[in-house]
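Chemist: Fold the following for me, if possible:
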Amino acid sequence: MSEKQFTGKSAIVTGGTRGIGKAIVLELARRGCNVAFNYARSADEAEKLKRELDSMGIKAFAAQCDVTNAENAADFVKQAAAELGGIDFLINNAGITRDTLILRMKEEDWDAVIDTNLKGAWAFSKAVLRPMMKNESGGSILNIASISGVVGMLGQSNYSASKAGMIGLTKALAKEVASRKITVNALALGLIETEMASEMNAEYREKILAQIPLGRLGTVQEVAEIACFLLSDSARYITGQVIQPNGGLAM
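Modeler: All right, here's what the predicted structure looks like:
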């Protein structure tokens, strides 16, 4: 596989300034891909990342965008396509958690998680299809879901529902756009070593680790490399699938 396999290609990564999103942005860039990413509040982090991408010699575009607003998403995609010369890949990574038991969950906690995680993925997918359909070789959409959407997690009724919804979106959209050479897949991630995971209660972390057959959390770099494979020409016959990098937590 060529180190610069994505030279001439362009990608959008939502929520690209931290954690998994940032790792995917950087891995795409290392492979020669032009990258656009949005951020919600971290303007300083976004500017720092954009400078790093510029130094790698690829086209980079960053802008603040509320993923829960379909009009904002469409505007971002339009700007990104203009800046990068088209869109080949979309990685719907933006997501939040507001965990608590359903009896204690406020309506705004439900709405915020569903709107960010699920509506955001829908809005960006819808917006990106027209520019993607113009590509002779089609394109790829990758939804960053979670094992929570497959098995459900205690205290995560909102998050689990949003990620299960992303899986349903993945399968339905894959059927709609396959004739246009566009693949749509999802990663149902297990526990990944991110800032969010580092804030986990130590006792709870040990309890979860004991349930993972491989005995460790995944890394953001591992996720980024799996993502790049699913976007690559090597995976053009894979669509509508939910890949589960989870260390064996769910089988």
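Chemist: Can you list the helices and strands that the helix or strand where R130 lies packs against?
Modeler: Using DSSP states H and E, R130 sits in helix 120-133. Here helix 120-133 touches helix 70-84, strand 89-92, strand 139-146, helix 157-177, strand 182-189, going by 3 or more CB pairs under 8 Å, 6 or more residues apart in numbering; DSSP states H and E. (Each C-beta comes from the backbone N, C-alpha and C, glycine too.)
Chemist: Give me the pLDDT value at I20.
Modeler: The score at I20 is 97. That number is its pLDDT.
Chemist: how many other residues sit next to it?
Modeler: I20 has 27 neighbours, counted by other CB atoms under 10 Å.
Chemist: Surely it and T219 touch.
Modeler: No - using CB atoms under 8 Å as the test, I20 is too far from T219 to be in contact (9.8 Å).
Chemist: And the helices and strands packed on helix 120-133: which comes nearest R41?
Modeler: helix 70-84 (14.4 Å; CB to CB).
Chemist: for that closest one, the distance to its chain's centre please.
Modeler: Computed by CA atoms, centre = their mean, to the nearest Å, the chain-centroid distance of helix 70-84 equals 17 Å.
Chemist: swap in stretch 22-36?
Modeler: The chain centroid and the centroid of stretch 22-36 are separated by 13 Å, computed with CA atoms, centre = their mean.
Chemist: Spatially central residue (nearest the centroid) of the protein, please.
Modeler: N93 (2.3 Å; CA atoms, centre = their mean).
Chemist: follow-up on the earlier one: other residues contacting the helix holding R130?
Modeler: Helix 120-133 is contacted by residues 12, 14, 67-70, 73-74, 76-78, 81, 86-88, 90, 92, 94-95, 138-139, 141, 143, 166, 169, 173, 177, 180, 182, 184 when judged by CB atoms under 8 Å, 6 or more residues apart in numbering.
Chemist: Mutual contacts of I20 and T219, please.
Modeler: By CB under 8 Å, 6+ apart, I20 and T219 have these common neighbours: I192.
Chemist: Mean pLDDT per helix and strand in the chain: which one sits at the bottom?
Modeler: Taking mean pLDDT, DSSP states H and E as the measure, the chain has helix 195-198 as its least confident helix or strand, at a mean of 76.
Chemist: distance between it and the chain's centre?
Modeler: 17 Å.
Chemist: same deal with stretch 181-198?
Modeler: 6 Å.
Chemist: correct me, but the residue nearest to the centre of the chain touches V13?
Modeler: Yes - between N93 and V13 a contact is recorded at 5.8 Å, counting by CB under 8 Å.
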